[in-house]
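>>> Need coordinates for the following:
(one chain, ligands or ions: 1)
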Amino acid sequence: MLNDDDLNRYARQVIIPNFDEEGQEKLLKTNCLIVGAGGLGCPVALYASAAGFGNIEIYDEDIIEISNLNRQIAHKYNQIGNNKAENLAQECLKINPNISIKSKKKIFNDAIDISGFDLIFDCCDNTETKYILNFLSHKFKKILISGSAVQMEGQFAIWKSGLNKGYPCYECVFPRTNEKAPITNCREAGIIGPVTGLIGSMQVNEAIKEIAIKDYQSTAGNLFLYDGLTLDLNKIRLIKNNQCPVCSD
Ligand SMILES: [Zn+2]
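Residues are numbered from 1 along each chain as shown. Take a look at the predicted model:
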């Protein structure tokens with residue numbers, strides 16, 4: 001049951017059809033892992049906190065630098081030098097002190113136990129970490145919502161291969177390769193804030209649907225590509241790789 005404070009705080013979302021107080025109760029019980037407290041992690045954590053995802057844990061080992069501030073919207077000029085995960089958690093609590101948020105000042109690795117989480121937000125820009133998150137999310141049957149952005153383009157997808165064998169996983173679509181990948185990190189290729197803001201918002205939009213909305217059609221099994229120059233949002237139906245080393249068992 002929602003208390004009076006919750007009913008006031010979440011008043012504008014519980015009146016949405018198919019959301020209701022029941023949807024809010026589900027959000028409050030949800031355990032979220034957010035990996036990365038940068039351009040995607042900031043909007044993801046801020047919106048997830050504001051919406052009332054009840055338990056959130058954020059991983060990032062980096063410290064805030066001045067070149068982060070064009071997009072990492074939770075971090076402020078006077079917080080340069082602070083750890084990103086810790087700072088983001090504190091900023092989220094300023095919006096919603098009624099939820100539980102923990103921060104970990106370290107890089108995510110495959111020894112970390114994710115079995116207690118319901119939802120994993122991949123907000124990192126490191127390919128190896130994306131593969132680890134995919135492997136663990138499949139193994140422990142979790143919903144993985146990944147995002148990435150570079151220059152004026154972004155993409156996001158929901159992966160549920162552990163929950164439904166018909167769905168592809170991240171590695172089906174982005175197989176590991178020995179070839180040198182094109183430069184896709186923000187440091188070398190560039191990025192603007194509105195693109196990371198939009199992709200992060202979409203990640204939380206999908207998370208709210210997965211947890212709280214009744215009778216919706218999951219977008220798992222699709223990849224969404226956003227072009228900030230043309231404003232095209234393309235939806236690509238993904239195909240499972242029957243030889244995938246992660247999910248073809
Ligand atoms: Zn796969």
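
>>> what ranges of this structure fall below the confidence cut-off?
By pLDDT under 70, the weakly predicted segments of the chain are 180-184.

>>> Name the residues of it found near the ion, please.
Cys169, Glu171, Cys172, Cys244, Val246, Cys247 (Cβ under 5 Å from the ion). (Each C-beta comes from the backbone N, C-alpha and C, glycine too.)

>>> leaving aside the residues next to it on the chain, what's closest to the fifth one?
Meaning Val246. Nearest residue to Val246, sequence neighbours excluded (Cβ to Cβ, 6 or more residues apart in numbering): Glu171, at 4.7 Å.

>>> count of neighbours near the one you found?
Close neighbours of Glu171, defined as other Cβ atoms under 10 Å, add up to 21.

>>> As CSV, the residues of the chain next to the ion with secondary structure would be great.
Below are these laid out as CSV (DSSP: H, G, I helix; E, B strand; the rest coil):
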residue, secondary structure
Cys169, coil
Glu171, helix
Cys172, helix
Cys244, coil
Val246, coil
Cys247, coil
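
>>> Can you tell me which of these has the most neighbours?
Using other Cβ under 10 Å as the neighbour criterion, Cys169 leads these with 25 neighbours.

>>> ok, now which ones touch the residue nearest to Val246?
Contact analysis of Glu171 by Cβ atoms under 8 Å, 6 or more residues apart in numbering lists Tyr131, Asn134, Phe135, Asn241, Cys244, Pro245, Val246, Cys247.

>>> Tell me where the chain has helices.
With helices called from DSSP state H, the chain shows them at 4-9, 11-14, 20-29, 41-51, 84-95, 127-139, 170-173, 186-189, 193-212.

>>> so which of those helices is the most packed in?
Comparing the helices of the chain by mean neighbour count (mean count of other Cβ atoms under 10 Å), helix 41-51 ranks first with a mean of 25.
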